[in-house]
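Engineer: Okay, here's the prediction I keep looking at, along with the sequence it came from:
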Number of protein chains: 2
Amino acid sequence: MQETLNYISENKQRFVDELFELLRIPSISADPAYKNDVLKCADVVAEHLKNAGADNVEVCQTKGYPIVYGEKILNTDLPTVLVYGHYDVQPADPLELWIKPPFEPYIEKTELHPEGAIFARGSADDKGQFFMHLKAFEAMMKTNALPCNVKFILEGEEEVGSVSLGDWVNENKEKLSCDCILISDTHIYSNEQPTVTTGLRGLSYVEVEVEGPNRDLHSGLYGGAVPNPIHVLSRMIAKLIDEDGHITIDGFYDNVETVSDSDRADMNKLKDNPEEFKKSIGLNGVEGEKGYTTLERTSIRPTLDCNGIWGGYTGEGAKTVIPSKAFAKISMRLVPYQTPEEITEKFTKYFEKIAPENVKVKVTPHHGGMPY
Amino acid sequence: MQETLNYISENKQRFVDELFELLRIPSISADPAYKNDVLKCADVVAEHLKNAGADNVEVCQTKGYPIVYGEKILNTDLPTVLVYGHYDVQPADPLELWIKPPFEPYIEKTELHPEGAIFARGSADDKGQFFMHLKAFEAMMKTNALPCNVKFILEGEEEVGSVSLGDWVNENKEKLSCDCILISDTHIYSNEQPTVTTGLRGLSYVEVEVEGPNRDLHSGLYGGAVPNPIHVLSRMIAKLIDEDGHITIDGFYDNVETVSDSDRADMNKLKDNPEEFKKSIGLNGVEGEKGYTTLERTSIRPTLDCNGIWGGYTGEGAKTVIPSKAFAKISMRLVPYQTPEEITEKFTKYFEKIAPENVKVKVTPHHGGMPY
């Protein structure tokens, strides 16, 4: 053990330098403009696995971005740990809110991180985490201290719904057989409270379009006489959640798992500090579904959030336009027994139902994810 | 007269070529990125005035973009016509809806324009119109047929509220003295119906910002527990107009001029074709303030329209973000006895009043304009 710890101390600066190199690659899977960066990132990750001592390292092609695989089988009698991570990152918009450029990592001490933390897009989701596991593996390999078999799968589509992962896992069941899976891509409850996540909400994600007039109109000539798609979309979004924070989509809660009172009492024992929570995000008041705590609202209850909205003139200054179309991206977090297909269908029906007759609406599903 | 008409026929192609040159200049006053183009456009317009035969041509500096002046005083006993126009244009967004690039003019025959029309940003607002007056002036000058004195003022800030025009006009009252003003920058009721506009609605234009959390949050971790500024903004926009199409801002209609029943009856004699109107903009139903016709809604009644909205992730694909802020641009069309100052103040008070306590809102006034 001491030898391994020494190896880590001696190589710490190199580890950080290598992670910084990885963080400099803008591997944004959601935006096709970054395709080459995502592909390059997969190759770099594969190199790291090889250098760390993994065997059978492979950049596995899929219909989307590749999955990087590597393994070290010491002895088939030993238990096997499968490490999952992802090398793609979220888009970095809005860029103007970054203190420093998102793909130029740096270390800084803050109130929350008195010992210093690495700041960059992907440093905490998920390059930093899987790199930690990869370097722990390297340290044990180089000091002959690995106590078990290890397999790595590092994908490049987590931020767009892991489109290819399901098929690939099904096609590679034997190769991926293991005794436990280690994922560091979830929440830590607080810096003082180690957290093991035992369940995650699923996702249904749609893009909606509302079309009023068939072209942009001058509000001086048409204002007050035609359906303005921004107003229509605003009214429709306002109707999706009622005053008690309930989602109004027909049948939305039909399959929701009811958590028992005793389980709810258990989870609410977690030391919760509402004032600290509000302060950490600059709010003077939280909100959400009536009858549930903040912890429950963000875990055992399904939710709906508009993640983006746009329409009309959004540049500098003023333009007196009534746009032809307005758009929004809307996601719903799901709990056990809801499915993305079910909820996307219910959303679509409801959204079409509440649309006024003098506009056209279109709902386009993006990726979904099962809750578990 | 015949000589003048001959001059026009002989020079028609040159006139069109010169107008095309003018249309190629992207003189977008709302966007500082086009500053040099707006300034260049002023110089080009001044050259045209000189070449047409105007005296005392001047590019008059203001705090904003210059006003181009030119005149021909034949005889102070003759009546004087003052021609007003503007050489700046609206922004061309959204670019993807243009069939051809906005600053590459072309002529095409369409159903609405069987003899062909010029398509380009500014061709009908207002470069095409003032150029027509300028070339009519040239034709009369070159054939010694000008029957009156003529003055031109061509400004470069019409699309941003004519910020500098008021002061400049006040400072140049004598220079601008005239018997009538000719403006071709308003609506034509139909291609078959010559139209003289006798009044125009004013404008109050504001930008609003709603801030929820102090930074963008991951909807998987925070969704359902915090105020999402897109939802809050949507609900607030939905509250600005009630189900009868009335604007709900406190005191909004206090000073609105009530048009007499007989005047309303007169204006509704205008041949109106609701089916044609709907078809022309691809709608199966109009909407607006209850109790008024489409013609009344777009002329004698004040209105409110959201001209732009944005917030969160608006790029390709999906991002599960709860944004910190959401924004909208909102304009109100005013009728006599409402003023931009009054209405902007009433809007601001009301918007702050309907904001939930757990968000911050900011209202920034853009330009306004008096109705007359």
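Structural biologist: Looks like it came in fine.
Engineer: Kindly provide the distance from A:Ile188 to A:Asp272.
Structural biologist: Relative to A:Asp272, A:Ile188 is positioned 15 Å away (C-beta to C-beta, to the nearest Å). From N, CA and C alone the C-beta is placed, and that goes for glycine too.
Engineer: would you list every one of the strands in the stretch 251-372 of chain A?
Structural biologist: Here the stretch 251-372 of chain A has its strands, by DSSP state E, counting those that start in this stretch, at A:303-312, A:321-322, A:325-334, A:360-369.
Engineer: Just say helix, strand or coil for the residue positioned nearest the centre of chain A.
Structural biologist: By C-alpha atoms, centre = their mean, chain A has its centre lying nearest to A:Glu159, at 5.3 Å. Secondary structure assignment for A:Glu159 (DSSP: H, G, I helix; E, B strand; the rest coil): helix.
Engineer: I'd like the distance between the residue located most distally from the centre of chain A and B:Asp266.
Structural biologist: Distance from the C-alpha centroid of chain A, by C-alpha atoms, centre = their mean, peaks at A:Leu221 (44.2 Å). A:Leu221 is 20 Å from B:Asp266, where distance means C-beta to C-beta.
Engineer: Could you pull up the residues touching A:Ile181?
Structural biologist: Listed by C-beta atoms under 8 Å, 6 or more residues apart in numbering or on different chains, the contact partners of A:Ile181 are A:Val81, A:Leu82, A:Val83, A:Tyr84.
Engineer: still on that earlier bit, could you measure from the residue farthest from the centre of chain A over to A:Pro91?
Structural biologist: According to C-beta to C-beta, A:Leu221 stands 38 Å off from A:Pro91.
Engineer: Could you chop chain A up by domain?
Structural biologist: Using automatic domain parsing, the domain ranges for chain A come out as A:2-183, A:202-256+A:302-369, A:260-296.
Engineer: Can you tell me which of those domains is most buried?
Structural biologist: Mean neighbours per residue, mean count of other C-beta atoms under 10 Å in any protein chain shown, is largest over these for domain A:202-256+A:302-369, with a mean of 20.
Engineer: which residues of the stretch 51-200 of chain A fall in strands?
Structural biologist: Assigned by DSSP E, counting those that start in this stretch, the stretch 51-200 of chain A shows strands spanning A:55-60, A:67-72, A:80-86, A:106-108, A:117-119, A:149-155, A:180-183.
Engineer: Reformat those strands as JSON lines; add mean pLDDT.
Structural biologist: What follows is those, written out as JSON lines (pLDDT from 0 to 100):
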{"stretch": "strand A:55-60", "mean pLDDT": "98"}
{"stretch": "strand A:67-72", "mean pLDDT": "98"}
{"stretch": "strand A:80-86", "mean pLDDT": "98"}
{"stretch": "strand A:106-108", "mean pLDDT": "97"}
{"stretch": "strand A:117-119", "mean pLDDT": "96"}
{"stretch": "strand A:149-155", "mean pLDDT": "98"}
{"stretch": "strand A:180-183", "mean pLDDT": "93"}
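Engineer: can you redo those strands as TSV with distance to B:Lys360?
Structural biologist: Listed next are those as TSV, based on distance: least, C-beta to C-beta, whole Å:
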stretch	distance to B:Lys360
strand A:55-60	47
strand A:67-72	44
strand A:80-86	35
strand A:106-108	27
strand A:117-119	26
strand A:149-155	39
strand A:180-183	37
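Engineer: what's the one helix or strand A:Glu10 maps to in contact with?
Structural biologist: If you go by DSSP states H and E, A:Glu10 is part of helix A:2-23. If you take C-beta under 8 Å, 6+ apart as the criterion, helix A:2-23 is touched by A:41, A:44-45, A:48, A:87, A:103, A:105, A:107, A:118, A:120-123, A:127-128, A:131, A:135, A:139-140, A:142-143, A:145.
Engineer: same thing but at 6 Å, please
Structural biologist: The contact list for helix A:2-23, computed with C-beta atoms under 6 Å, 6 or more residues apart in numbering or on different chains, reads A:Pro105, A:Ala120, A:Gly122, A:Ser123, A:Lys127, A:Phe131, A:Lys135, A:Ala139, A:Met140, A:Lys142, A:Thr143, A:Ala145.
Engineer: Now that helix - C-alpha only, CSV.
Structural biologist: C-alpha atoms of helix A:2-23 as CSV (Å, rounded to 0.1, in the frame of the first residue of the first chain):
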residue,chain,number,x,y,z
GLN,A,2,2.7,2.5,1.0
GLU,A,3,4.5,1.8,-2.3
THR,A,4,1.3,2.7,-4.2
LEU,A,5,0.8,5.9,-2.2
ASN,A,6,4.5,6.8,-2.9
TYR,A,7,3.9,6.3,-6.6
ILE,A,8,0.9,8.6,-6.4
SER,A,9,2.9,11.3,-4.6
GLU,A,10,5.8,11.1,-7.0
ASN,A,11,3.6,11.2,-10.1
LYS,A,12,0.9,13.7,-8.8
GLN,A,13,2.0,16.6,-11.0
ARG,A,14,2.1,14.4,-14.1
PHE,A,15,-1.4,13.1,-13.3
VAL,A,16,-2.7,16.7,-13.0
ASP,A,17,-0.9,17.7,-16.2
GLU,A,18,-2.4,14.8,-18.1
LEU,A,19,-5.9,15.5,-16.7
PHE,A,20,-5.5,19.2,-17.8
GLU,A,21,-4.7,17.9,-21.4
LEU,A,22,-7.8,15.9,-21.3
LEU,A,23,-9.9,18.8,-20.1
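Engineer: That one: how far from the chain's middle?
Structural biologist: Relative to its chain's centre, helix A:2-23 lies at 27 Å (C-alpha atoms, centre = their mean, to the nearest Å).
Engineer: Over to stretch A:74-93?
Structural biologist: 16 Å.
Engineer: how much space between A:Ile237 and A:Gly291?
Structural biologist: Note on A:Ile237: its distance to A:Gly291, by C-beta to C-beta, is 23 Å.
Engineer: Make sure A:Gly245 is indeed in a helix.
Structural biologist: No. Using three-state DSSP, the assignment for A:Gly245 is coil, not a helix.
Engineer: how close does the closest residue to it other than its chain neighbours sit to B:Ala52?
Structural biologist: Once flanking residues are discounted, A:Gly245 sits nearest to A:Glu289: 4.0 Å by C-beta to C-beta, 6 or more residues apart in numbering or on different chains. Between A:Glu289 and B:Ala52 the computed distance is 70 Å (C-beta to C-beta).
Engineer: next one: A:Phe277
Structural biologist: Distance, A:Phe277 to B:Ala52, using C-beta to C-beta: 70 Å.
Engineer: And A:Pro340, by the same measure?
Structural biologist: A:Pro340 is 67 Å from B:Ala52, by C-beta to C-beta.
Engineer: Next: A:Leu334.
Structural biologist: Using C-beta to C-beta, A:Leu334 is found at 69 Å from B:Ala52.
Engineer: Just the mean pLDDT for the helix holding A:Glu10, thanks.
Structural biologist: Summarised as a single mean, pLDDT over helix A:2-23 is 97.
Engineer: Could you grab the helix/strand/coil label for A:Glu209?
Structural biologist: Relying on three-state DSSP, one would call A:Glu209 strand.
Engineer: Name the secondary structure element that contains A:Tyr205.
Structural biologist: Assigned by DSSP H and E, A:Tyr205 belongs to strand A:202-211.
Engineer: same question, A:Asn36
Structural biologist: Going by DSSP H and E, A:Asn36 is part of helix A:35-52.
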